[in-house]
Structures are given as C-alpha cells and as structure tokens.
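*Asks:* Sequence and predicted structure below; questions after.
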Amino acid sequence: MTDLGAIVAQLKQERDKLDRAITALSGVGGTRSGGGRRKLSAAARERIAAAQRARWAKYKAKKH
C-alpha cells in the first residue's frame, strides 16, 4: 500500500501552487470585480428603450 501521508503532502503542495497561480492571475485581465453597475446616460437609456419598444411592436404585429 502506498504511503498516504506522502500523497496528502504532495496534493497540498500542488494546491499551494494552484493557489499562488490563481492569486497571480486574479489581477490580470482588467476585469471589473464588484465595481457596481455601469452607468448609462439618460440619452443612452432612451435609445435602448426606444429600440426595445420597436422590437415589441414588430413582435406584436406578427402575432396578429
């Protein structure tokens, strides 16, 4: 039977390596993390709303 203590020690070393790699990569990539919601201007919100209203109108026109 294989020495389980040695296997556990080896797995812990691998886990430590992975933890260090994850920590190093966490700051790379410029992703937003918990920065809150993105703010849109009133004009942008209105353009989006108008486009959605147009999509709904087109959808409802096809149903009838």
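*Replies:* Now that the structure is in, tell me what you want to look at.
*Asks:* and after the helix or strand of the chain at the bottom of the mean pLDDT ranking, which helix or strand comes next?
*Replies:* Within the chain, confidence by mean pLDDT, DSSP states H and E is lowest for helix 4-26 among all helices and strands, at a mean of 92. Towards the C-terminus, the helix or strand next in line after helix 4-26, according to DSSP states H and E, is helix 42-63.
*Asks:* Might you report the residue contacts of Val8?
*Replies:* Under the criterion of CB atoms under 8 Å, 6 or more residues apart in numbering, Val8 has no contact partners. The way it works is simple: take the backbone N, C-alpha and C, and place the C-beta from them, glycine included.
*Asks:* Tell me the spacing between it and Leu18.
*Replies:* According to CB to CB, to the nearest Å, Val8 and Leu18 sit 16 Å apart.
*Asks:* Just the C-alphas of the least confident helix or strand of the chain, formatted as CSV.
*Replies:* Provided in CSV are the C-alpha atoms of helix 4-26 (Å, rounded to 0.1, in the frame of the first residue of the first chain):
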residue,chain,number,x,y,z
LEU,A,4,-1.0,8.1,2.2
GLY,A,5,0.9,10.7,4.1
ALA,A,6,3.2,11.3,1.2
ILE,A,7,0.3,11.5,-1.2
VAL,A,8,-1.5,14.1,1.0
ALA,A,9,1.7,16.2,1.3
GLN,A,10,2.1,16.1,-2.5
LEU,A,11,-1.5,17.1,-3.0
LYS,A,12,-1.1,20.0,-0.5
GLN,A,13,2.0,21.2,-2.4
GLU,A,14,0.0,21.1,-5.7
ARG,A,15,-2.9,23.0,-4.1
ASP,A,16,-0.4,25.7,-2.8
LYS,A,17,1.0,26.1,-6.3
LEU,A,18,-2.5,26.5,-7.8
ASP,A,19,-3.5,29.0,-5.1
ARG,A,20,-0.4,31.1,-5.9
ALA,A,21,-1.2,30.9,-9.6
ILE,A,22,-4.8,31.9,-9.1
THR,A,23,-3.7,34.8,-6.9
ALA,A,24,-1.2,36.0,-9.5
LEU,A,25,-3.8,35.8,-12.3
SER,A,26,-6.6,37.4,-10.4
